[in-house]
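Q: coordinates only, sequence not included:
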């Protein structure tokens, strides 16, 4: 799993400058994706349709809903098994509830979740969003580099992504 860093830039020239510097720092060009609204990107690698549609957000929503549904179903079945004195099944349903609770808690605490909806205002004002996908161990390095060498860049969030399916 990778982390997606969201940087906002006032124009394409500044964003391209940072993209070029990140390539020198061994961030591959295919790990950078730019989004602009009302501006034709000439030199930056444009985001795929899946990235523009924020597929990661949809996946998160589906996983969260499935987790919640499992918890509720296990709760209902726990109540039924307690009413019918099926103690072994009660333990199973209680274990499922505990597992879904722990998974949900870990998800909330450890998975960053900024999404494209948070950038609609900036994009509407002509700013360029550069999404950079990096391994977890390089997040601090890349953020520090961009913040110290490119004051025109604004780090506006971190999310997760996978290097598959163009998301």
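A: In hand now; what should we look at? Here the structure is a predicted model, which means the values were calculated and not measured.
Q: So which other helices or strands are in contact with the longest helix anywhere in the chain?
A: Ordering each helix of the chain by length in residues (DSSP state H) puts helix 55-83 first. Judged by 3 or more Cβ pairs under 8 Å, 6 or more residues apart in numbering; DSSP states H and E, helix 55-83 is in contact with helix 87-110, strand 154-161. Where you see a C-beta, it was placed from the backbone N, CA and C, and this is true even at glycine.
Q: buried sites along the shortest one?
A: By that I understand strand 154-161. Residues of strand 154-161 classed as buried by neighbour count (16 or more other Cβ atoms under 10 Å): 154, 157, 159-161.
Q: next one: stretch 124-138
A: 127-134, 138.
Q: for that stretch, the distance to its chain's centre please.
A: Distance of stretch 124-138 from the chain centroid (Cα atoms, centre = their mean, to the nearest Å) equals 11 Å.
Q: picking that back up, among the buried residues of strand 154-161, which one sits closest to residue 85?
A: residue 160 (43.9 Å; Cβ to Cβ).
Q: Check the gap between that closest one and residue 48 for me.
A: To residue 48, residue 160 is 17 Å away according to Cβ to Cβ, to the nearest Å.
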